[in-house]
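*Asks:* Provided below are the primary sequence and the corresponding predicted coordinates.
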Amino acid sequence: MWQPWPVSSDRPDTAPTLAEAVGGPLGIAESALPAAAYVVAYTASGSNTKLAAGVAVGIAAVLAAARLIRRDTPRHALTGLIGVAIAAFVATRTGRAEDYFLPGLLANAGWSIVFAASALIRRPFVGVILGMLDPRDRQWRRDPVRTRQFTRATWLWAGLFALRIVVQAPLYLAGAVVALGVAKTAMGIPLFALGLWISYRLVRRPAPHPAA
């Protein structure tokens with residue numbers, strides 16, 4: 001399941017590092033390299049969409065194999081590969097290079113709607129996630145303070161996903177493949193890191209007072 005930040009049972013109130021949030025160095029590579037390689041290959045090959053898609057899938061496959069070699073769970077290893085494969089399939093089927101980024105745009109739109117809708121019906125998705133991951137938040141709906149915190153964090157993520165759409169959708173409609181690749185990379189890990197840090201600040205519990 002997607003989650004805004006990881007929660008560890010042994011240190012749930014410690015701010016996670018960016019590397020932990022995205023699955024370590026391999027997670028960072030999986031987030032940035034396939035799209036960057038797609039754009040580079042597309043430009044260098046004289047706008048060959050099929051070649052660019054093949055390069056992106058090849059890199060994603062190498063990263064997935066690296067996860068399996070490290071004995072990561074197959075789900076983690078295959079998630080990124082499947083996402084890149086879907087994007088490559090769409091681009092090669094339509095013949096439009098910008099369609100490589102269409103599944104990501106749709107996913108961001110979907111997540112924005114899910115987060116916004118959950119906040120509107122007073123079931124903030126951030127609270128749902130943490131309620132499953134942190135035993136102390138199993139009854140968060142009975143705590144008005146935690147509910148407000150989770151609602152603010154949920155609106156934050158709805159806004160971040162929407163921001164990607166606002167910036168990238170016009171580039172997609174204009175067929176600006178290179179600019180779209182740059183925007184996707186710039187609004188990937190950096191924007192995720194910002195959301196992660198602000199979310200932690202919004203929902204963290206106050207430090208316990210030392211015993212007298």
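*Replies:* Alright, I've got the coordinates. Numbering: from 1, shown residues only.

*Asks:* contact partners for Thr147?
*Replies:* Counting by Cβ atoms under 8 Å, 6 or more residues apart in numbering, Thr147 touches 122, 124, 127, 140-141. Bear in mind the C-beta positions are built from the backbone N, C-alpha and C, glycine included.

*Asks:* of the residues you listed - the most surrounded one?
*Replies:* Of all these, the highest neighbour tally under other Cβ atoms under 10 Å goes to Pro124, namely 28 neighbours.

*Asks:* skipping its backbone neighbours, what lies nearest Gly175 in space?
*Replies:* When the adjacent residues along the chain are set aside, Gly175 lies closest to Glu98, with 5.1 Å between them (Cβ to Cβ, 6 or more residues apart in numbering).

*Asks:* surely that neighbour touches Val177?
*Replies:* Yes - taking contacts as Cβ atoms under 8 Å, Glu98 lies within contact range of Val177: 5.4 Å.

*Asks:* and the furthest pair within the contacts of Thr147?
*Replies:* The largest separation in the contacts of Thr147, counting by Cβ to Cβ, is between Arg122 and Trp140 at 11.6 Å.

*Asks:* in strands, which of the contacts of Thr147 fall?
*Replies:* The strands, defined by DSSP state E, take in nothing from the contacts of Thr147.

*Asks:* using JSON lines, please lay out those residues together with pLDDT.
*Replies:* What follows is those, written out as JSON lines (pLDDT from 0 to 100):
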{"residue": "Arg122", "pLDDT": "91"}
{"residue": "Pro124", "pLDDT": "95"}
{"residue": "Gly127", "pLDDT": "92"}
{"residue": "Trp140", "pLDDT": "89"}
{"residue": "Arg141", "pLDDT": "88"}
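
*Asks:* go through the residues you listed and name the one nearest Thr43.
*Replies:* Nearest to Thr43, judged by Cβ to Cβ, of the contacts of Thr147 is Pro124 at 41.8 Å.

*Asks:* next one: the closest residue to the closest one other than its chain neighbours from Val126, what distance?
*Replies:* With Cβ to Cβ, 6+ apart as the criterion, Pro124 has its nearest non-adjacent residue at 3.7 Å, and that residue is Thr154. As defined by Cβ to Cβ, to the nearest Å, Thr154 lies at a distance of 5 Å from Val126.

*Asks:* next, show the common contact partners of these two.
*Replies:* With contacts taken as Cβ under 8 Å, 6+ apart, the residues that reach both Thr154 and Val126 are Phe115.

*Asks:* what is the burial count for the residue nearest to Pro124?
*Replies:* 28.

*Asks:* could you do the one 4 residues further on as well?
*Replies:* By the criterion of other Cβ under 10 Å, Ala158 has 22 neighbours.

*Asks:* hmm, it is touching Gly110, no?
*Replies:* No - checked against Cβ under 8 Å, the pair Ala158 and Gly110 is beyond contact range at 11.2 Å.
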